[in-house]
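S.K.: task: produce atomic coordinates for the following.
(4 chains)
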Protein chains: 2
Amino acid sequence: MMYEKKIPKDLNCGMSITLEIIGGKWKPCLIDSIAKGIRRPGELHKNHPDATKRVLNLHLKELGDHGVITKIIYPVLPSKVEYFLTDFGKTLLPLISHMEQWGSEYMPVFNELQKKKLKHV
Amino acid sequence: MMYEKKIPKDLNCGMSITLEIIGGKWKPCLIDSIAKGIRRPGELHKNHPDATKRVLNLHLKELGDHGVITKIIYPVLPSKVEYFLTDFGKTLLPLISHMEQWGSEYMPVFNELQKKKLKHV
DNA sequence: AACTGTAGGGATAAAATTGTCCCTGCATGA
DNA sequence: TCATGCAGGGACAATTTTATCCCTACAGTT
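M.R.: Next up, the predicted model:
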């Protein structure tokens, strides 16, 4: 992150590693988009207009630090940048699609449940 | 959560639903433990001593609200409580084990990478 | 000269999450 | 009576994450 963490993370179980890497709000979306060939920062932002460029940059930085993506800066002006999944990053794709799929499948159940809760409040 | 959220969540993609349900720091551990038959609050706390009872309760509450677990309060004294996975909750198990597995597999890669980063800092 | 597109980031604020400390209530056993 | 085990939660603080606002730099175009 931007500053030094004060609470050490216990990265001794697999789950904590996984969530450390893809737990951010936009990270799975970014990985997915990059996998689909959307590589440039501007394009990524257009694809996720609810996220600010600021946050996307932070997340892209972390994905880079974690070895999930590579950043290529072309020495041209105006500047051009592209992100690519590393081989390591590609191993995440089945997992991400599993998570996406589970969520989609149970979205109706979940939303129905939330409606019921609201009635009781 | 404890108070009303101010930023509405866009739960329109599967991933956001999934992370909403299992994204909390201790939720996957709790689900895993409960699946393994560790059902009582005290036991769960002993299994995850780094989490406070307070936080575990909060997460258990949310898992209940999301329909992942059921809470059974036995009318005895001293009080006895047990949590069970719902059928819905059980559908999470393959996903959780997938996440756990991915993380375990790449833990060495990840930790190696973090060490390298530290040298450069 | 002013404006556009492209990429990036500082400063700060808001929101969300997690942690700390301490209290309740009840029954049992010492 | 006092301490212990069990379940739970209020009040508050610290930490982490995300959002808002505004700035830089550069080249080409109008």
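
S.K.: got the contact list for the spatially most central residue of chain A?
M.R.: Residue closest to the average C-alpha location in chain A (CA atoms, centre = their mean): residue A:27, at 0.8 Å. Applying CB atoms under 8 Å, 6 or more residues apart in numbering or on different chains, we find residue A:27 in contact with A:21, A:59, A:62-63. C-beta coordinates here come from the backbone N, C-alpha and C atoms, glycine included.

S.K.: closest to residue B:110 among those residues?
M.R.: Each of those was scored against residue B:110 by CB to CB, and residue A:21 proved nearest at 7.3 Å.

S.K.: now that closest one: which helix or strand?
M.R.: For residue A:21, the element it lies in under DSSP states H and E is helix A:14-22.

S.K.: got it, and residue A:31?
M.R.: Judged by DSSP H and E, residue A:31 forms part of helix A:27-35.

S.K.: go on, residue A:72?
M.R.: Under DSSP H and E, the secondary-structure element containing residue A:72 is strand A:69-74.

S.K.: contacts for that strand next, please.
M.R.: Under CB under 8 Å, 6+ apart, the answer for strand A:69-74 is A:31, A:34, A:60, A:63-64, A:79-86, A:89.

S.K.: nearest to DNA strand D among those?
M.R.: For those, the residue nearest DNA strand D by CB to the nearest atom of the strand is residue A:79; the value is 6.7 Å.

S.K.: the closest one: what's its closest spatial neighbour, skipping adjacent residues?
M.R.: Taking CB to CB, 6 or more residues apart in numbering or on different chains as the measure, residue A:79 lies nearest to residue A:73, with 7.2 Å between them; neighbours along the chain are not counted.

S.K.: neighbours around the one you found, how many?
M.R.: 9 (other CB atoms under 10 Å in any protein chain shown).

S.K.: per-residue confidence at it?
M.R.: Model confidence at residue A:73, given as pLDDT, is 93.

S.K.: now the one 4 residues further on
M.R.: Here, the pLDDT recorded for residue A:77 equals 76.

S.K.: what's near enough to touch residue A:64?
M.R.: When contacts are counted by CB under 8 Å, 6+ apart, residue A:64 is found next to A:70-71, A:83.

S.K.: how near is it to chain B?
M.R.: Shown here: residue A:64 relative to chain B, a distance of 11 Å by CB to the nearest CB, to the nearest Å.

S.K.: A strand includes that residue, no?
M.R.: No - membership of residue A:64 in a strand is not supported by DSSP: H, G, I helix; E, B strand; the rest coil, which gives helix.
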